[in-house]
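**Student:** Next comes the sequence, and after it the predicted model I'd like to discuss.
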Amino acid sequence: MLRKKWAKIPVWILSLAPAAYLGWRAWNQDLTANPIEYITHFTGDWTIRFLVFTLAITPLRKLLRMPDMIKFRRLIGLFAFFYGFLHFSTYLGVDKFFDFQEIWADVAKRPYITMGFLGFVCMLPLAVTSTTGWIRRIGGKRWQTLHRLIYASAIAGVIHYYWLVKSDIRQPRLYAILVGVLLAYRLVVWVMGRKPAPAVRASVMAR
Ligand code: HEM
């Protein structure tokens, strides 16, 4: 089923559902007493969720033996950028009215903003190079290496969340565990897949 041409349609619909819900609430003027705060929190939550979804694709496709799931990874990653862009734009345009002096002072002075900014900056090259043309231009291997920036983005996103909450750390802790497990999985796969060192190889061959 995953190989079918239409298989991406449900992913598009599900990924756009949070944005549609937000749009619906905005249309009905139902964005709570503090709409800027509501939109910032809503889009921030969906940015980190989509980062986690993107990181979960590789382990899931192996665990469930569904290699075709890979075709959704780029799309879901782009939705992480989409919600990150909405989140950043809310801060930039609606909260700070494009006052770049104030924004820059905020980035430099408030550590959680610095970390969020770093997370967003790490997503930019991923979004720009997400097309097949770019994969061809820079080569699959280099493209894959570049796209490991998503790890930095997810880590920065979790720290950003940790640093911004005042007392209840349950949510950021949950995301820290999820991102930690998903990155640990990659570390284990990488360690197990490494070729033995020449000395070890020689002793194995001599046996
Ligand atoms: C990887 C990129 C980012 C992720 C994953 C992320 C995620 C989040 C999350 C999960 C929240 C809290 C939502 C909640 O409490 O329900 C949040 C809040 C917030 N984020 Fe981000 N964010 C990112 C980038 C940024 C950037 C670039 C900025 C601005 C420069 C920013 C500014 C804010 C602000 C102002 C808040 C609200 C803080 C508060 O109300 O105390 N974020 N973000």
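**Tutor:** Alright, I've got the coordinates. Numbering: from 1, shown residues only.
**Student:** for the top helix by length along the chain, packing partners?
**Tutor:** Ranked by residue count and defined by DSSP state H, the top helix of the chain is helix 35-63. In terms of contacts (3 or more C-beta pairs under 8 Å, 6 or more residues apart in numbering; DSSP states H and E), helix 35-63 is packed against helix 8-27, helix 73-89, helix 149-164, helix 170-193. To be clear about C-beta, it is placed using only N, CA and C from the backbone, and glycine gets the same treatment.
**Student:** Any chance of TSV for those, columns mean neighbour count and distance to residue 105?
**Tutor:** Below are the helices and strands packed on helix 35-63 laid out as TSV (neighbours: other C-beta atoms under 10 Å; distance: least, C-beta to C-beta, whole Å):
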stretch	mean neighbour count	distance to residue 105
helix 8-27	13	29
helix 73-89	20	17
helix 149-164	20	17
helix 170-193	13	25
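**Student:** Out of those helices, which gets nearest to the ligand?
**Tutor:** helix 149-164 (2.9 Å; C-beta to the nearest ligand atom).
**Student:** so how far is the closest one from its chain's centroid?
**Tutor:** Computed by C-alpha atoms, centre = their mean, to the nearest Å, the chain-centroid distance of helix 149-164 equals 9 Å.
**Student:** ditto for stretch 158-169
**Tutor:** Counting by C-alpha atoms, centre = their mean, stretch 158-169 comes out at 17 Å from the chain centroid.
**Student:** Would it count as contacting the ligand?
**Tutor:** Yes: for stretch 158-169 and the ligand, the contact criterion (C-beta under 6 Å from any ligand atom) is met by 160, 161, 164.
**Student:** related to what we said a few turns ago, in CSV, list the helices and strands packed on helix 35-63 along with mean pLDDT.
**Tutor:** Shown next, in CSV, are the helices and strands packed on helix 35-63 (pLDDT from 0 to 100):
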stretch, mean pLDDT
helix 8-27, 97
helix 73-89, 97
helix 149-164, 98
helix 170-193, 96
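**Student:** Quick check: residue 138 vs the ligand, distance?
**Tutor:** Taking C-beta to the nearest ligand atom, to the nearest Å as the measure, residue 138 falls 23 Å from the ligand.
**Student:** Please apply the same query to residue 67.
**Tutor:** Taking C-beta to the nearest ligand atom, one finds residue 67 at 28 Å from the ligand.
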